[in-house]
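Participant: sequence unknown, structure follows:
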């Protein structure tokens, strides 16, 4: 049973996980109101918190104190993957005595309690060093170069990757040797790019495993899959040049370690809200598009695997087994959560967690947490524990005048919680706050039937719930135009079967014929333009250039275009 740690204006405390939910008395509550951060180690064996006086590290098994570090200003803490090092960061400051500033990032040996190394790290973004899973390699970004250390020996830089204007990097998890993806923003008309390397081969011609260049990227988020075979690059631009969005413009790119790269084709215009790899590393989910946003599951070929339709969502979360996916709408949305079976693509439950600002899966992959935290919201702070079938298991609220800053699950090593078969029956100790059904008036003829009302005309149902092709899928305008075309066709057939039409009828029908010819000519021009583009791609292929996935798909469509041109010429 995983524990739950919480930090608020009343101090730091722990609770037992579901279904108990009671106070964990082996941890003595820290009543300090100046507590700034809490963290569990990756395997869940250690817990650390900073209370404004000390940074304390506790062993969960026996509640013993491992280390107590005298760093009262610590704001953030992080354990290394194998619990050898604890990294602490505090706000960078300068004084009259030391105008250059003193180190504010410290690395502590958890066995001896000594400070192994201190660095100056001015920005909180990407403040901590990045380790490989076995701690054989540790890397950090320092002034246009990535510096690498081995086996936690921070006295000597073993490898350097020097790239001008390197902005950020991401070290892969998984087996050694690790891979590294670096981002360099574009300047003076040159594109931005992300390059991937495998340690220790970081320099020289041809050292890069893969490369992806693109425009419209002031910042990027680099997301490795679990098997380290590919990265997703979510690029964002602060200003949308088209003026369509006040929040800038975002694009999503795929880069495989085999050199294959592609712009992920999104089915709706608008920003990209969330991207996450499935733990299987063969699929990834994306929430994108103007509200109501769309959610789609893609394969590593950037082809849609399943379309979840549209809805008020801006986040998605896989559990650790990859068997369940939660689609959620938090922040300024109403907190609806859809729970999906990722194997059979069936919706298990739909619940509502209003005013939620935080979501976290339990390591048992059966429960998840939603929380209302300060300072995002300063009233109604607390958290709820849900079962994936939609049942509310536990609910905790702080006092009326108190605030809750942080809440997290105790982590667990891989394999501690084996995967179980999914069930669809409601499991809860308390009644769940499912989506409320408002009692609106319905005429007698519509009572007892399913309502087809949609708030937005562009709402789409999930792929397995969509109605078959037909009039029911058409919008009102499209249905009206279809009826007009059918009526006109029937009128023309009736005229051809009877006597010769009168002269006024010929005058009316003549512009329609001219209009049809114009449309045919316009379509022919479009098809020939596409063929010309295909010829250009063939020429590039002959010159040895590697084409992207969408360009290869365009080449494969040549036969279909030729057939369509031939059909138009025969009409």
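Facilitator: Perfect, thanks for sending it. Please read these numbers as outputs of a predicted model, since none were measured by experiment.
Participant: going forward, measure contacts and count neighbours with C-alpha atoms only.
Facilitator: OK.
Participant: in the stretch 201-350 of the chain, which spans are strands?
Facilitator: Remark: strands assigned in the stretch 201-350 of the chain by DSSP state E, counting those that start in this stretch are 210-214, 219-224, 230-237, 249-256, 261-263, 272-277, 283-288, 293-299, 304-311, 315-318, 324-328, 336-341, 346-352.
Participant: Between these, which one is closest to residue 530.
Facilitator: The closest of the strands of the stretch 201-350 of the chain to residue 530 is strand 261-263. By C-alpha to C-alpha, the value is 19.5 Å.
Participant: So what's the gap between that closest one and the chain middle?
Facilitator: 17 Å (C-alpha atoms, centre = their mean, to the nearest Å).
Participant: show me where pLDDT drops low in the stretch 451-571 of the chain?
Facilitator: For the stretch 451-571 of the chain, residues meeting the criterion pLDDT under 70 lie at 451-458, 464, 466-478, 480, 495-517, 571.
Participant: quick revisit: present the strands of the stretch 201-350 of the chain as a markdown table; the columns should include mean neighbour count, mean pLDDT and distance to residue 150.
Facilitator: Formatted as a markdown table, these follow (neighbours: other C-alpha atoms under 10 Å; pLDDT from 0 to 100; distance: least, C-alpha to C-alpha, whole Å):
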| stretch | mean neighbour count | mean pLDDT | distance to residue 150 |
| --- | --- | --- | --- |
| strand 210-214 | 18 | 90 | 24 |
| strand 219-224 | 20 | 92 | 22 |
| strand 230-237 | 22 | 92 | 24 |
| strand 249-256 | 21 | 92 | 27 |
| strand 261-263 | 21 | 91 | 31 |
| strand 272-277 | 20 | 94 | 29 |
| strand 283-288 | 24 | 95 | 32 |
| strand 293-299 | 23 | 93 | 35 |
| strand 304-311 | 19 | 91 | 41 |
| strand 315-318 | 22 | 94 | 33 |
| strand 324-328 | 23 | 94 | 37 |
| strand 336-341 | 22 | 93 | 42 |
| strand 346-352 | 19 | 91 | 46 |
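Participant: tally of neighbours for the residue nearest to residue 228 when sequence neighbours are not counted?
Facilitator: Of all residues not flanking residue 228 in the chain, residue 172 sits nearest, at 6.2 Å (C-alpha to C-alpha, 6 or more residues apart in numbering). When neighbours are defined as other C-alpha atoms under 10 Å, residue 172 has 26 of them.
Participant: So which of the strands of the stretch 201-350 of the chain is nearest residue 20?
Facilitator: Among the strands of the stretch 201-350 of the chain, the nearest to residue 20 by C-alpha to C-alpha is strand 346-352 (21.7 Å).
Participant: Now render the strands of the stretch 201-350 of the chain as TSV, adding distance to residue 188.
Facilitator: Converted to TSV, the strands of the stretch 201-350 of the chain look like this (distance: least, C-alpha to C-alpha, whole Å):
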stretch	distance to residue 188
strand 210-214	14
strand 219-224	16
strand 230-237	16
strand 249-256	20
strand 261-263	23
strand 272-277	26
strand 283-288	30
strand 293-299	34
strand 304-311	36
strand 315-318	35
strand 324-328	40
strand 336-341	44
strand 346-352	48
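Participant: So what pairs up with the most centrally placed residue in the chain in the strands?
Facilitator: By C-alpha atoms, centre = their mean, the chain has its centre lying nearest to residue 275, at 2.1 Å. Counting by DSSP bridges, residue 275 is bridged to residue 286.
Participant: Looks like it contacts residue 295 (just checking).
Facilitator: No. In terms of C-alpha atoms under 8 Å, residue 275 does not count as a neighbour of residue 295; the distance is 9.9 Å.
Participant: Overlap of the contact sets of the two?
Facilitator: Listed as contacting both residue 275 and residue 295 by C-alpha atoms under 8 Å, 6 or more residues apart in numbering are 285, 286, 287.
Participant: Now do the same contact list for residue 65.
Facilitator: 56, 57, 58, 59.
Participant: which of those has the most neighbours?
Facilitator: Ranked by neighbour count (other C-alpha under 10 Å), the contacts of residue 65 have residue 57 at the top, with 23 neighbours.
Participant: Please identify the helix or strand for that one.
Facilitator: Here residue 57, judged by DSSP states H and E, is contained in strand 55-59.
Participant: what's near enough to touch the nearest residue to residue 69 once chain neighbours are set aside?
Facilitator: Of all residues not flanking residue 69 in the chain, residue 55 sits nearest, at 5.0 Å (C-alpha to C-alpha, 6+ apart). Going by C-alpha under 8 Å, 6+ apart, residue 55 touches 48, 49, 68, 69, 70, 71, 72, 74.
Participant: follow-up on the earlier one: which among the strands of the stretch 201-350 of the chain is found nearest to residue 27?
Facilitator: Nearest of those (C-alpha to C-alpha): strand 315-318, 29.8 Å.
Participant: Can you tell me the strand partners of the closest one and which way each runs?
Facilitator: Sheet pairing for strand 315-318, using DSSP bridges, gives strand 324-328 (antiparallel).
Participant: got the angle for the partner strand vs strand 293-299?
Facilitator: Between strand 324-328 and strand 293-299, the angle comes out at 150 degrees (axes from the mean of the first three to the mean of the last three C-alpha atoms, to 10 degrees).
Participant: how far off strand 304-311 does strand 324-328 point, in degrees?
Facilitator: Going by the same axes, to 10 degrees, strand 324-328 makes 30 degrees with strand 304-311.
Participant: Touching strand 324-328 from outside, list them.
Facilitator: Applying C-alpha under 8 Å, 6+ apart, the contact partners of strand 324-328 are 312-319, 335-342.
Participant: what's the closest of those residues to residue 487?
Facilitator: residue 312 (39.0 Å).
Participant: check contacts around the closest one.
Facilitator: With C-alpha under 8 Å, 6+ apart, residue 312 has these contacts: 291, 292, 293, 328, 329, 333, 334, 336.
Participant: And residue 549, by the same measure?
Facilitator: 260, 261, 262, 301.
Participant: Swap in 10 Å and give it another go.
Facilitator: Contacts for residue 549 (C-alpha atoms under 10 Å, 6 or more residues apart in numbering) come out as 260, 261, 262, 263, 264, 301, 302, 303.
Participant: ok, now residue 339?
Facilitator: 316-318, 324-328, 346-351, 388-390.
Participant: Nearest residue to it in space, ignoring adjacent ones along the chain?
Facilitator: residue 326 is the one closest to residue 339 (C-alpha to C-alpha, 6+ apart), at 4.7 Å.
Participant: Relative to residue 343, how far out is the one you found?
Facilitator: Residue 326 sits 13 Å away from residue 343, taking C-alpha to C-alpha, to the nearest Å as the criterion.
Participant: got it, and residue 41?
Facilitator: For residue 41, the distance to residue 343 (C-alpha to C-alpha) stands at 31 Å.
Participant: try residue 548
Facilitator: 29 Å.
Participant: In terms of neighbours, single out the busier of these two.
Facilitator: Shown here are residue 548 and residue 343; by other C-alpha under 10 Å, residue 548 has more neighbours (13 against 10).
Participant: if I read this right, the more buried one contacts residue 256, doesn't it?
Facilitator: No. Taking contacts as C-alpha atoms under 10 Å, residue 548 lies outside contact range of residue 256: 11.5 Å.
Participant: burial measure for the closest residue to residue 384 other than its chain neighbours, as a count.
Facilitator: In space, and not counting its chain neighbours, residue 384 is closest to residue 395: 4.4 Å by C-alpha to C-alpha, 6+ apart. If you count neighbours by other C-alpha under 10 Å, residue 395 ends up with 15.
Participant: joint contacts of residue 548 and residue 256?
Facilitator: residue 262.
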